[in-house]
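Enquirer: Got a sequence here, can you model it:
(one chain, ligands or ions: 1)
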Amino acid sequence: MRRKIVAGNWKMNTTYNEAMDLVAELKSSLTEEVVGETGVIITPPSVFLSDVVNELVDNPFIAVAAQNCHEQDNGAYTGEISAPMLASLDLDAVIIGHSERRQYFGETNASCKVKIGQALNNELAAIYCIGETLEERKSGNYMDVILSQCAEGLEGFSEEDMDNIILAYEPVWAIGTGETASPEQAQEVHAGIRAWLVERFGGEAAQDISVLYGGSCKPGNAAELFAQPDIDGGLIGGASLSAADFTAIVKARTEA
Ligand code: PGA
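Expert: Prediction:
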């Protein structure tokens, strides 16, 4: 079944104390009533993951994910973190191919494909990010760009693999800019992605894949985005650093 999901991407934000305070606040605000059927995921910086997982060990409502993993299991890659390391902390998922990773750290559709494989091999769900730049949007070619990211990043994965892959459409021009895609703009792309998924994996499987929207999603615009038929939830950056805002977005997803 297609799941409603709200994931918070903390990026390179919070100190240790801030992170643990935020987790404590989320633990009390994300009640059963607020969360309902929504899958809630938080993605703290990797150095805090172990303590965050321990803090949430008895909490049934909040899953924990990492922001990235390396292509290899281990080896001489100073500073990197592998999927087996993340799995050994009992994490639930990992974000792959966020546009900031693509833009600043040279990630490509091909490297994302390898990383998604690493995630699945280690029983971590992969949240695979796709989305066009402002230039690509203006050129009118954006759907081609997005569908190439889908085709190349998901090359070789099966219908069964898709049970553990979540897609996140994040137009780069909307990330951290305060400029959200309108619900119609987002729905147009989500419907295009869904049509591609139907062609690639078959109608039944495609209906079960969650496709999230990300890019300046906030309490004030979440409900209208989540009301769109092909938007299954959100990947939230800035607003996930406030327990009140993130909780309001989860509530909007649960109630939509
Ligand atoms: P934003 O970030 O909500 O701050 O725009 C979204 C993301 O990059 O995942």
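
Enquirer: Contacts only, for Leu212.
Expert: By Cβ atoms under 8 Å, 6 or more residues apart in numbering, Leu212 lies in contact with Ile5, Ala7, Ile127, Ile166, Leu167, Ala168, Tyr169, Ile231, Asp232, Gly233, Gly234, Leu235. Placement of C-beta: from N, CA and C, glycine included.

Enquirer: which of those are close to the ligand?
Expert: If you filter these for contact with the ligand, counting by Cβ under 6 Å from any ligand atom, you are left with Leu235.

Enquirer: between the contacts of Leu212, which is nearest Ile249?
Expert: Sorting the contacts of Leu212 by how near they are to Ile249, with Cβ to Cβ, puts Gly234 at the top with 6.2 Å.

Enquirer: how far away is the nearest residue in space to that closest one that is not next to it in sequence from the ligand?
Expert: Spatially, and ignoring its direct neighbours in sequence, Gly234 is nearest to Cys217 (4.5 Å; Cβ to Cβ, 6 or more residues apart in numbering). For Cys217, the distance to the ligand (Cβ to the nearest ligand atom, to the nearest Å) stands at 5 Å.

Enquirer: returning to what we had before: max pairwise distance over the contacts of Leu212: which two?
Expert: Across the contacts of Leu212, the longest distance by Cβ to Cβ is 14.9 Å; it joins Ile127 and Ile231.

Enquirer: higher neighbour count, these two?
Expert: When Ile127 and Ile231 are compared for neighbours, Ile127 comes out ahead with 29 against 26, by other Cβ atoms under 10 Å.
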